[in-house]
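1. return a 3D structure for these sequence lines:
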Amino acid sequence: MEKARGTEEAGKFPSLSPSPPTIPSNVNPESMKPPKYSIASRQGVGTSGKQISLLANHFKVSVNATDAVFYQYTVTISSEERVVESKGIGRKLVDRLYKTYSSELAGKRFAYDGEKSLYTVGPLPQNKFEFTIVLEESFAKHESRNPDGDGSPVGTGKRTKHSYWSKTYKVELSYSAKIPLKSISLALKGVESDNSCQDALRVLDIILRQQAANRGCLLVRQSFFQDDSRNYVDVGGGVLGLRGFHSSFRPTQGGLSLNMDVSTTMILKPGPVMDFLKLNLNVNDVRFGNDAHFWLKAKRLLKNMRIKTTHRNMEFKIIGLSEKPCAEQFFPMKVKNGDSGEGQTVEITVYEYFTKHCGIELTYSANMPCIDVGKPKRPNYLPIELCSLVSLQRYTKALSSNQRASLVEKSRQKPRDRIRTLTDAVRSNQYGEDPVLSACGISIGKELTEVNGRVLETPRLKVGNREDCVPRNGRWNFNNKRLLDPKKIERWIVVNFSARCDISRISRDLISCGRNKGIEMERPHTLIEEDRQTAQASPPARVEAMFEQIIAKLPGPPDFILCVLPVRKNSDIYGPWKKKCLSDIGIVTQCICPIKINDQYLTNVLLKINAKLGGMNSLLEIEHPSNLPLIKDIPTLILGMDVSHGSPGRSDVPSIAAVVGSRYWPLISKYRASVRTQSPKEEMINALYKPLPNGNSDDGIIRELLVDFYKTSEGRKPKQIIVFRDGVSESQFKQVLDIELEQIIKAYQHLGEVDVPKFTVIVAQKNHHTKLFQANAPENVPPGTVVDTKIVHPRNYDFYMCAHAGMIGTSRPAHYHVLLDEIGFSPNDLQNLIHSLSYVYQRSTTAISIGIFPVSHPCFIFSKTFVSISLIIILIIIS
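-> Numbers count the residues shown, from 1 in each chain. The predicted structure follows:
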């Protein structure tokens, strides 16, 4: 992937200082070791804003036996002298172990994680145990059963008797470590310690997971899901959303709490395999027996899914499909020869076997492949219509746009409904009856936590003609207003992939609306309709044909292309069109699919167009002139960083690291973007500082943004850098400081600067489970709501902020963690700065949830274009 660059050629940027970008002879950047940082502790709480009474989905936890100690034991499972994976069978074995050997273990109850760790309150009688466990499973024994696995069907023929299959396992428990429960009480007092507090919290979480597993729930990390059809949400394609609950213990200022929230995972729709294939692969009937492409996709889709046979009620895992249809797939079957009793082997098809020997009518399987539930070299075949998917199987592939929209629409809950769901769940789970929790004196409250919040003052905006714009409830509009810095559009064209749109009228209305907003738009150079002969071609071919028309009708590239798509969502033209315009050629484009054209619709389109062309729609009032505490007098660079990963199951797709940097100090509303690819699923950005082999040049992201800041800020070098990082978990906070911050410092020093700027590093999280509710109103919390007491960390510097207006469902606040604050912001100044940044997204007239990050789908970003919008949402283009 090409990096986003400025207008300079070959990536040659001036240095931050007036002298050429050479490193002084007395400076060795690699020898400059950046100082090591530790995570900041809280320096106070905010006071600005209007007080508001709130509820949080944290349930108070009382710990009465603080002297209790968890003992950790390692679980090793083996069979026939081989160690076996405990996943799947571990819980069954440990459950049988307790029932069989309880007296030898002094009657102590376990907390088992399902894999290799087991915990008790207090020690077991010995440090090491070895137990023999026998597991039995029943099956129906049949005359035609072939233990050699030669391709014969499973569980068929006349049932002669009920038999048992047994297997012997050896389970070894060996002492590993002590985890004192009092480490939690020390952490609640703000005392720094080793990882023992996190270890103790993890044990408590394992206790809750075990309780859910005992109820037959599907476990997904710290969430659990009951198999109840009332919790199903059908999103189409044979996929269901299953509503369950997330639960985790968290240390807070108010004491230990249980964070409980509604959670949703995706599962396969239980039922006939054929029904699932028709839904997921979008096939309406079963008349596709000879469609090799269909069955190739079906084979990949079905692999490793679990099925149950309808004729014998036995469960298997799918390993593949047969190469031939059911009516042509032969296997050897042993049959008795008359009265002599001697057996002989005959070749018979799977279809004939089931219909003639088993008396089962098969209505549509004859011309379809069989389901293979055997082993790679020992296949066992079943007709597809006798197989049904079992419940609680996770669906881990990426959802389509329609499925995501359906999931959001059907699973959202209003605040009061969510409160009722959570309190009912805490009561029904009966945590007080859990023997392990009782042994360590833990009890869990049944009411949400009351907490005091504050609603910050809404930032005021400046629009055209220096007019004031005052947002209300996190929203504003441009009715009777002009844009702050409208760009003139001279050479532009309209292309139409939709036969039903009048693009002549659209262009006239757009010009008229633009004139009212201050945008001077010439008449389009040309209007191009898609040739009807190419309308049936593939999307890339249609795009190429359209560009052939553009090249033929224009003397040179246009400044801007307005593209009319045939459908509003999921248009197959969109991806190839964006790739061609932005990645291959470098032309700004705006796609529309108008259903109802009015002034509001056209204004929203113009906001996007003006921002893409480098204009400004509005500024914060505090920027004009600058009145930003600690920023207005000292050159300050603001960075926003995020990494986007490929869809689930696509381990071959590289991750995309995106960073935006502020420009034109002291403004905080203009940014430039830069992106790089890196290894799949790698979260830490590795290209912030990237010295070339010669040692004299740096091809990293930060150098690019530092030089741009210098050029646009009248030759000033940043003396302060504010880093906003999105998408990292609490376990990765130290890596942000040790790896990413270190790279930023090295990039700064590589430009010949010895004095390192002051840094403030802030992580924003959206993927958490704390929700805020108004205590005295049914609506979502108002925009600007901040909480920095009671439910926050007892020592570290964090707070919750809900900057946006929650119009549907229940709002999710952003969780901000201040890892480092050398600049020295007061809590009020920092919270107001972050709140203000939520109002400068140039393409929208609503406050957004997080203020400064390239957080929504960074993938490709067009080159040769400065992106002058403050909250960069980098355009995704999937080729």
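2. show me where pLDDT drops low in the stretch 301-450 of the chain?
-> Applying pLDDT under 70 to the stretch 301-450 of the chain flags residues 337-342.
3. which parts of it are helices?
-> For the stretch 301-450 of the chain, the helices defined by DSSP state H, counting those that start in this stretch cover 350-352, 401-411, 415-429, 435-439.
4. need these in JSON lines (columns: distance to residue 56 and mean neighbour count).
-> Every C-beta, even on glycine, is put in place using the N, C-alpha and C of the backbone. Converted to JSON lines, the helices of the stretch 301-450 of the chain look like this (distance: least, CB to CB, whole Å; neighbours: other CB atoms under 10 Å):
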{"stretch": "helix 350-352", "distance to residue 56": "58", "mean neighbour count": "21"}
{"stretch": "helix 401-411", "distance to residue 56": "21", "mean neighbour count": "15"}
{"stretch": "helix 415-429", "distance to residue 56": "11", "mean neighbour count": "15"}
{"stretch": "helix 435-439", "distance to residue 56": "22", "mean neighbour count": "18"}
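5. let's have those helices in CSV, adding distance to residue 704.
-> Formatted as CSV, the helices of the stretch 301-450 of the chain follow (distance: least, CB to CB, whole Å):
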stretch, distance to residue 704
helix 350-352, 63
helix 401-411, 33
helix 415-429, 44
helix 435-439, 54
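6. so residue 616 bridges to which residues?
-> residue 485 (DSSP bridges).
7. can you verify my assumption that it contacts residue 671?
-> No - Residue 616 lies out of contact with residue 671 (CB atoms under 8 Å); the separation is 11.5 Å.
8. closest to residue 380 out of the helices of the stretch 301-450 of the chain?
-> Smallest distance to residue 380 across these (CB to CB): 10.0 Å, for helix 350-352.
9. what about the residue lying closest to residue 127 once chain neighbours are set aside, how many neighbours?
-> Spatially, and ignoring its direct neighbours in sequence, residue 127 is nearest to residue 175 (4.0 Å; CB to CB, 6 or more residues apart in numbering). For residue 175, the neighbour count with other CB atoms under 10 Å is 15.
10. ok, residue 175 to residue 125 distance?
-> Distance, residue 175 to residue 125, by CB to CB, to the nearest Å: 11 Å.
11. again, but for residue 85
-> Using CB to CB, residue 85 is found at 28 Å from residue 125.
12. before we move on, what about residue 429?
-> From residue 429 to residue 125 the distance is 31 Å (CB to CB).
13. cool, residue 666 as well?
-> 70 Å.
14. follow-up on the earlier one: give me the more crowded residue out of residue 616 and residue 671.
-> Legend: neighbour count by other CB under 10 Å for residue 616 and residue 671, higher for residue 671 (28 against 24).
15. so that one bridges to which residues?
-> Taking DSSP bridges as the rule, residue 671 bridges to residue 662.
16. residue 132 too?
-> residue 170.
17. quick one: mean pLDDT for the helix or strand where the residue nearest to residue 127 lies?
-> Assigned by DSSP states H and E, residue 175 belongs to strand 159-180. For strand 159-180, mean pLDDT rounds to 77.
18. quick one: contacts for the residue nearest to the spatial centre of the chain?
-> The C-alpha lying nearest the average C-alpha coordinate of the chain belongs to residue 767 (CA atoms, centre = their mean; 7.6 Å). Residues near residue 767 by CB atoms under 8 Å, 6 or more residues apart in numbering: residue 727.
19. distance of it from residue 245?
-> Going from residue 767 to residue 245 by CB to CB gives 16 Å.
20. residue 666 and residue 125: which has the busier surroundings?
-> For residue 666 versus residue 125, neighbours defined as other CB under 10 Å are more numerous around residue 666 (19 against 9).
21. the residue lying closest to residue 450 once chain neighbours are set aside: which element?
-> Spatial nearest neighbour of residue 450, chain neighbours left out: residue 55 (6.1 Å); criterion: CB to CB, 6+ apart. Assigned by DSSP H and E, residue 55 falls within strand 50-63.
22. in that strand, what's buried?
-> Buried residues in strand 50-63, counted by 16 or more other CB atoms under 10 Å: 52, 54, 55, 56, 57, 58, 59, 60, 61, 63.
23. one more: stretch 209-220?
-> 209, 210, 211, 212, 213, 217, 218, 219, 220.
24. just the helices in the stretch 601-750 of the chain please.
-> Using DSSP H, counting those that start in this stretch, helices in the stretch 601-750 of the chain cover 701-712, 733-735, 742-750.
25. how about a markdown table for those, with mean neighbour count added?
-> Formatted as a markdown table, the helices of the stretch 601-750 of the chain follow (neighbours: other CB atoms under 10 Å):
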| stretch | mean neighbour count |
| --- | --- |
| helix 701-712 | 24 |
| helix 733-735 | 15 |
| helix 742-750 | 23 |
